[in-house]
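# Take a look and give me a structure for this.
(one chain, ligands or ions: 1)
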Amino acid sequence: MKNTLINLVTNSAKHSKNQLFSAIQPARYLKGLNKQQVGRGKTILITGASSGLGEGMAKIFAKLGYNLAICARRTDRLENLKAKLLAQYPDIRVEYRVLDVSDYDAIFTVFDAFAADFGHIDRMVVNAGIGDSRRIGKGRFDTNRRTVEINFVSALAQCEAAMNIFRAQNSGHLVVISSMSAMRGLPKHLTAYGASKAGLAHLAEGIRADMLLTNLPIQVSTIYPGYVRTEINENAKPLPFEVDAETGTTAIVAAIETRVNEACVPSLPWSIVGQAMKHLPLQVVNKIS
Ligand SMILES: NC(=O)c1ccc[n+]([C@@H]2O[C@H](COP(=O)([O-])OP(=O)(O)OC[C@H]3O[C@@H](n4cnc5c(N)ncnc54)[C@H](OP(=O)(O)O)[C@@H]3O)[C@@H](O)[C@H]2O)c1
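You can find the predicted model right below:
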């Protein structure tokens, strides 16, 4: 009993130290993991891997030695990514499948096919998403509904499909890519988008709570990225605290590797901004949206 307690405290202190290091120095943290090739023999499934954060995460995970199961609608991009990764890291395995996440049945079919193909999936990243929402009450219900369906209902289907597999394996790491816009209700084009990402964050927290209740060894991480310049915002004017895709994905992968429950990324300034967003009056929050 005493030894178990000591192990628990030591492991939890080591865990917190890793999370702090990965948040403050994500590139250095990943360099260490790269040396260890922590992904060797393990497989990660990523949705929305044809561009932006999904593509960036795939590149970094490949460098860490992981096998990859990648999907999206634009298979020409996935084919190119696969070719590039295999040329650079010939020891890993990369497979891709076409997936439109608005086809809920296809999500289950594709995830199950990857699981059968690789035999075991260690981590699944629910990343596919769109950012095209509009002011409420301006006649754009079609656009807002589409955003909520892709970012929330399709993400729910991905979580269901992933958890089916993890429960059967009795192991796994579910990662959802939410957004800093989930922290508060936001105005203008961010209202429906932010609500979809807040829904996703709550969904992930609920699954995490369920894993605690049932004592299953499955971790759930919710990542809240700040502004990262990708195709989702390619025509936007300069955004508050924005970073390029490489900086953004480095911070995301470093957070994921610690199996953190929740992380705002890049940690600086977003973990501080996130706390402020939760407590400041809406008029002030409006200024950073
Ligand atoms: N960039 C940011 O500032 C930021 C901040 C916070 C959160 N996020 C979140 O990060 C995730 C990735 O976004 P990103 O910045 O990398 O944008 P992106 O470059 O536009 O990538 C979006 C990805 O989602 C996929 N996707 C979109 N609709 C899909 C559908 N119906 N079926 C299957 N895949 C679909 C796209 O693939 P195909 O088009 O090939 O299908 C693409 O690979 C999104 O969930 C986004 O909300 C981004």
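# Wait, a helix at Leu86?
Yes: when DSSP: H, G, I helix; E, B strand; the rest coil is applied, Leu86 is found to be in a helix.
# In this structure it contacts Asn80, no?
No: Leu86 sits out of contact with Asn80 when judged by Cβ atoms under 8 Å, with a separation of 11.0 Å. C-beta here means a position set from N, CA and C on the backbone, and glycine is covered the same way.
# For Gln19, see how far away Asn261 is.
Relative to Gln19, Asn261 is positioned 10 Å away (criterion: Cβ to Cβ, to the nearest Å).
# quick one: which of these two has more around it?
Between Asn261 and Gln19, counting by other Cβ atoms under 10 Å, Gln19 is the more crowded of the two (20 against 13).
# contacting residues for that one?
When contacts are counted by Cβ atoms under 8 Å, 6 or more residues apart in numbering, Gln19 touches Ala255, Thr258, Val260, Ala263.
# For the third one, the count of nearby residues, please.
Spelled out, that is Val260. Other residues within reach of Val260, judged by other Cβ under 10 Å, total 21.
# next one: Val98
Counted by other Cβ under 10 Å, the residues lying close to Val98 total 12.
# where does Phe108 land in three-state SS?
Here Phe108 is helix, with the state taken from three-state DSSP.
# Look at Tyr96 and give its secondary structure.
Following three-state DSSP, the label given to Tyr96 is strand.
# partners of it in the sheet?
Ile70 (DSSP bridges).
# For the chain, which residue occupies the most central location?
Most central in the chain under Cα atoms, centre = their mean is Ile177, positioned 3.2 Å from the mean C-alpha point.
# need the contact list for the residue nearest to it when sequence neighbours are not counted.
Nearest in space to Ile177, with sequence neighbours left out and distances taken as Cβ to Cβ, 6 or more residues apart in numbering, is Asn127 at 4.6 Å. With Cβ under 8 Å, 6+ apart as the criterion, the residues that contact Asn127 are Ile46, Thr47, Gly48, Ala49, Leu53, Gly54, Met57, Ile177.
# Would you reformat those as CSV and include secondary structure?
CSV is the format used below for the contacts of Asn127 (three-state DSSP):
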residue, secondary structure
Ile46, strand
Thr47, strand
Gly48, coil
Ala49, coil
Leu53, helix
Gly54, helix
Met57, helix
Ile177, strand
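# which of those come close to the ligand?
Under the cut-off given by Cβ under 6 Å from any ligand atom, the ligand has Gly48, Ala49, Leu53, Gly54, Ile177 from these close to it.
# Show the low-confidence segments of this protein, by residue range.
Low-confidence segments of the chain, defined by pLDDT under 70, span residues 1-14.
# which residues of it fall in strands?
43-47, 67-72, 94-98, 123-126, 172-177, 218-225, 262-265 (DSSP state E).
# Partner strands of the fourth one and their direction?
For strand 123-126, the paired strands and their directions (DSSP bridges) are strand 43-47 (parallel), strand 172-177 (parallel).
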